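**Q** sharing a model that was predicted from the sequence below.
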Amino acid sequence: MGRVRPLIAILAAAIALAPLHAEAATAAFTNFGPNLLADCPNPEGIAVDPSGTLYAASFPAFQPVRHPSANICVISPGGAVVDKIAVQPGTAGATNLLGELFSAGSLYVVDFANGAAPNGRFLRVDPATHAVATLATGFAAANAIAEDADGSFFVSDSFAGTITKVAHDGSSSRVWKQDPLLTTKGFPPFGANGVAFDRTQRFLYVANTGDSRILRIPVLEDGSAGAVEVFADGATIDAQQHTTQALHGADGIMFDVAGNLWVCANQANEVQVLNRKAELVARYDGAGANALDFPASLVFEDLHLFVTNLSLFDGGLNSKLSVMEVPRPGMPITPR
């Protein structure tokens, strides 16, 4: 498993918007569908197709028994697991799936593999036939995916501190941006993670998990990347808004139609919301059996927000999806 086993040891050791200065989370989330431990343990990535069908990607590296392949659970709008797509390993000998995106009839997913370059992969999956095609390789820790208006994909690498631009058909790929701000010395040791374009596609926003920050990268007129900027810093928000754990473990991110950025704060076990001024305006969790457990990725479907629970510290016991009603839908994530 290469870097995965030492990483696991490190990790294991370790609804209207509320007004500003929201200090307590609203218990808005409830469980959705069955527990996924048997079929898709430690679900991390999530995507939705136009019919409302959900796709939850498994990261089984955290399981005590080694799984060479990993499943994508296909979950109906009613919450039933209706299919499983097995993704076989590449050169690393292990598949560990992270971010997903559904676009133009295909499902796209990244394979963290064993957490060592060049084994990470960016894949296209046919949900009907289960056929898997490799569009790009060479990643150390491929993590999340965004798509621009031209159909190019942007893939974050949490260990290399890069954003790689991949042609829609996989005919080309190149590092679009590399910067020390996209790496981390924090905990967990993941830098660049969730990625999302704003409505105008002037900026690509990037979550830095270990630094509890949201960064953004200007998209210049020629399509190249500008200098990385700090959009929101968790420690600064805590000090300014007299709160705690702001953006703690920032993971998956997504915009709503009003321009608010929704963030999976995996170590706070919350979904937190930033407005356009980078102010923390809302926090959401679940109560009791509906509590979030290391929320990793999120996706809007009409007026619902679905979240994966990676269930990192308890052996995948709470491998599940969670859902909450939202006041407005998400911004389209495939704008073509």
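**A** It's in.

**Q** so for stretch 123-141, what gets flagged as buried?
**A** When neighbours are counted by 16 or more other Cβ atoms under 10 Å, the buried residues of stretch 123-141 are found to be 123-125, 127, 132, 135-141. No exception for glycine: its C-beta is placed from N, CA and C like everyone else's.

**Q** format these as TSV; extra columns: secondary structure and distance to G223.
**A** Formatted as TSV, those follow (DSSP: H, G, I helix; E, B strand; the rest coil; distance: Cβ to Cβ, whole Å):
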residue	secondary structure	distance to G223
L123	strand	24
R124	strand	22
V125	strand	27
P127	coil	30
V132	strand	29
L135	strand	19
A136	strand	18
T137	strand	23
G138	strand	21
F139	strand	21
A140	coil	25
A141	coil	25
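
**Q** pick the one among those closest to A28.
**A** P127 (29.5 Å; Cβ to Cβ).

**Q** rewinding a little: tell me the two of the buried residues of stretch 123-141 that are most distant?
**A** Farthest-apart pair in the buried residues of stretch 123-141 is P127 and A140; separation 27.8 Å (Cβ to Cβ).

**Q** separation between A235 and V175?
**A** In this view, A235 and V175 are 29 Å apart by Cβ to Cβ, to the nearest Å.

**Q** before we move on, what about T53?
**A** Computed as Cβ to Cβ, the T53 to V175 distance reads 33 Å.

**Q** ok, the two, which is more surrounded?
**A** Using other Cβ atoms under 10 Å as the criterion, T53 and V175 rank with T53 on top: 17 against 13.

**Q** what pLDDT is listed against that one?
**A** The score at T53 is 98. That number is its pLDDT.

**Q** so it touches I75, yeah?
**A** Yes. Under the criterion of Cβ atoms under 8 Å, T53 makes contact with I75 at 6.9 Å.

**Q** shared neighbours, these two?
**A** When contacts are counted by Cβ atoms under 8 Å, 6 or more residues apart in numbering, T53 and I75 have V82 as shared neighbours.

**Q** may I have the strand or helix carrying F306 exported as PDB, CA atoms only?
**A** Assigned by DSSP states H and E, F306 belongs to strand 304-309. Extracted C-alpha coordinates of strand 304-309, given in PDB (Å, rounded to 0.1, in the frame of the first residue of the first chain):
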ATOM      1  CA  HIS A 304     -31.000  19.000  -1.200                       C
ATOM      2  CA  LEU A 305     -27.400  18.700  -0.200                       C
ATOM      3  CA  PHE A 306     -25.800  15.200   0.000                       C
ATOM      4  CA  VAL A 307     -22.600  14.500   1.900                       C
ATOM      5  CA  THR A 308     -20.300  11.500   2.200                       C
ATOM      6  CA  ASN A 309     -19.000  10.400   5.600                       C
END
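
**Q** who does it touch, helix- and strand-wise?
**A** For strand 304-309, the contact count by 3 or more Cβ pairs under 8 Å, 6 or more residues apart in numbering; DSSP states H and E identifies strand 43-48, strand 54-58, strand 295-301, strand 320-325 as packing neighbours.

**Q** between it and strand 320-325, how big is the angle?
**A** 160 degrees (axes from the mean of the first three to the mean of the last three Cα atoms, to 10 degrees).

**Q** SS state for A61?
**A** The three-state label given to A61 by DSSP: H, G, I helix; E, B strand; the rest coil is helix.

**Q** circling back: make a markdown table out of the buried residues of stretch 123-141 and add pLDDT and distance to T243.
**A** Shown next, in a markdown table, are the buried residues of stretch 123-141 (pLDDT from 0 to 100; distance: Cβ to Cβ, whole Å):
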| residue | pLDDT | distance to T243 |
| --- | --- | --- |
| L123 | 98 | 39 |
| R124 | 98 | 41 |
| V125 | 98 | 40 |
| P127 | 98 | 41 |
| V132 | 98 | 43 |
| L135 | 98 | 41 |
| A136 | 98 | 39 |
| T137 | 98 | 41 |
| G138 | 97 | 40 |
| F139 | 98 | 35 |
| A140 | 97 | 34 |
| A141 | 97 | 30 |
